[in-house]
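1. Next comes the sequence, and after it the predicted model I'd like to discuss.
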Amino acid sequence: MNVELCKDSDRWDSLVTEMPEACNYHRWGWKRAIEDTYGHEGFYLMALDHASIEGILPLFEMKSRVFGHFLVSMPFFSYGGVVSKTAEARRHLLENAVEFAKEHKVSHIELRQSTPAEIGWQDSAAKVTMVFRLPATEEALWKELSSGMRNKIRYAEKNGLTAEWGGLEAINTFYSIFSMNMRNLGTPVYPQRWFENLCRCFPAETRILTIRDGNQAIASGLMTSFRDGLELPWSATLPESRKKYSAVYLYWSLLRWALNNGFRQVDFGRSTRGSGTYEFKRHWNCEEKPLHWYYWLAPGVPLPELRPDSPRYHWATRVWKRLPLPVANFLGPRIVRSIP
């Protein structure tokens, strides 16, 4: 068995389609989106046994004077990592990745796996994702919610909140809400170009949900789909809209749309246990799934802490919250490109 660098997008995507364990972010289109937006080069490795592809591993090389030099699969998302048909194929892919890391003198490799894997590297499960399994009918969906949640949805509807679905044309609206929310959280924001590229690379699989109060957009989320699943990686609400339960109505509108469009589950995205977003998602009676992120570390290198919510960045968070929005939107993309 040998490991090669894949340069054929059709060949790669056909394998992703065939492998049940492969996730949305293994698809080739994410390579185009990441490279075009941030300039991080992607190396898509495949393990071959004669002509048969037995496993895949997408890796992105990230370089920063501040945050260092490392490899990630997949940056900016919860999932990715190695997928293989056999333990031998996985071993060859990981060995090749380590050789690549040593040749390029990187500090570490981070593999983001959605489930536990026999990798043998240091495992961190600090983050979780929340998955809602959809029932067969909208009536059953409504009954699954708590009485308190149903009352909040009724309140939002009585106050005139409405849901609007769109694509690339809705990016400006989404970004105006999302960027403000990120500044308020003290977190650098992604560039608007990133979300535009996602819509262009996956026009059929990327949708934007906007919640309106009359003519005013007060909440928005960007969804991406794969197979029978829909995921909400990014969403935000205006602070003054929360008394009308704009976030609750956004999630309810998302679930209804997913059910009526044939999806079987909705991933609400990753959270840190105990955080506000974690507690909000938990009240939807979701299945909590730990995210297993595995690390190969070069000799003497500690486990990386490149998350914006890391305690070491609390001081920066406090400063960022005070920045004028135009300044935060200018500086944020230049910082966040190096934080996977």
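-> On my side now, so go ahead.
2. use CA for all of it now, contacts and neighbours both
-> Will do.
3. Buried ones in whichever helix or strand residue 55 is part of, by neighbour count?
-> Using DSSP states H and E, residue 55 sits in strand 52-64. Buried residues in strand 52-64, counting neighbours by 16 or more other CA atoms under 10 Å, are found at 53-63.
4. What are the boundaries of the helices in the stretch 51-200 of the chain?
-> For the stretch 51-200 of the chain, the helices identified by DSSP state H, counting those that start in this stretch occupy 87-103, 138-144, 147-158, 171-185, 192-201, in order along the chain.
5. ok, residues contacting the longest one?
-> If I follow you right, that is helix 87-103. Defining contact as CA atoms under 8 Å, 6 or more residues apart in numbering, one finds that helix 87-103 is touched by 1-3, 45-48, 54-57, 70-71, 82-84, 107-109, 119, 296, 298.
6. So how do I select the buried members of those in PyMOL?
-> Buried members of these, defined by 16+ other CA under 10 Å, are picked up in PyMOL with:
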select buried, resi 3+45+46+47+48+54+55+56+57+70+71+82+83+84+107+108+109+119+296
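7. Now for the most centrally placed residue in the chain: which residues touch it?
-> The residue lying closest to the centre of the chain (CA atoms, centre = their mean) is residue 77, at 3.3 Å. Taking CA under 8 Å, 6+ apart as the criterion, residue 77 is in contact with 25, 233, 340.
8. excluding its backbone neighbours, what's nearest residue 259?
-> The shortest distance from residue 259 to any non-neighbouring residue, by CA to CA, 6 or more residues apart in numbering, is to residue 134 (6.5 Å).
9. sorry, back to before: would you list the contacts of residue 77 in CSV and tack on secondary structure and neighbour count?
-> Listed next are the contacts of residue 77 as CSV, based on DSSP: H, G, I helix; E, B strand; the rest coil; neighbours: other CA atoms under 10 Å:
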residue, secondary structure, neighbour count
25, helix, 22
233, strand, 16
340, coil, 18
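10. For these, give me CSV that also has distance to residue 304 and pLDDT.
-> Shown next, in CSV, are those (distance: CA to CA, whole Å; pLDDT from 0 to 100):
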residue, distance to residue 304, pLDDT
25, 22, 96
233, 22, 96
340, 11, 86
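11. And the contacts of the helix or strand of the chain with the lowest mean pLDDT?
-> When each helix and strand of the chain is scored by mean pLDDT, DSSP states H and E, helix 314-320 comes last, with a mean of 83. The contact list for helix 314-320, computed with CA under 8 Å, 6+ apart, reads 183, 185-188, 308, 328.
12. Save those residues as TSV, and put in pLDDT, distance to residue 246 and neighbour count too.
-> Converted to TSV, the contacts of helix 314-320 look like this (pLDDT from 0 to 100; distance: CA to CA, whole Å; neighbours: other CA atoms under 10 Å):
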residue	pLDDT	distance to residue 246	neighbour count
183	95	19	23
185	92	18	14
186	93	21	23
187	92	21	24
188	94	23	25
308	56	25	17
328	95	24	22
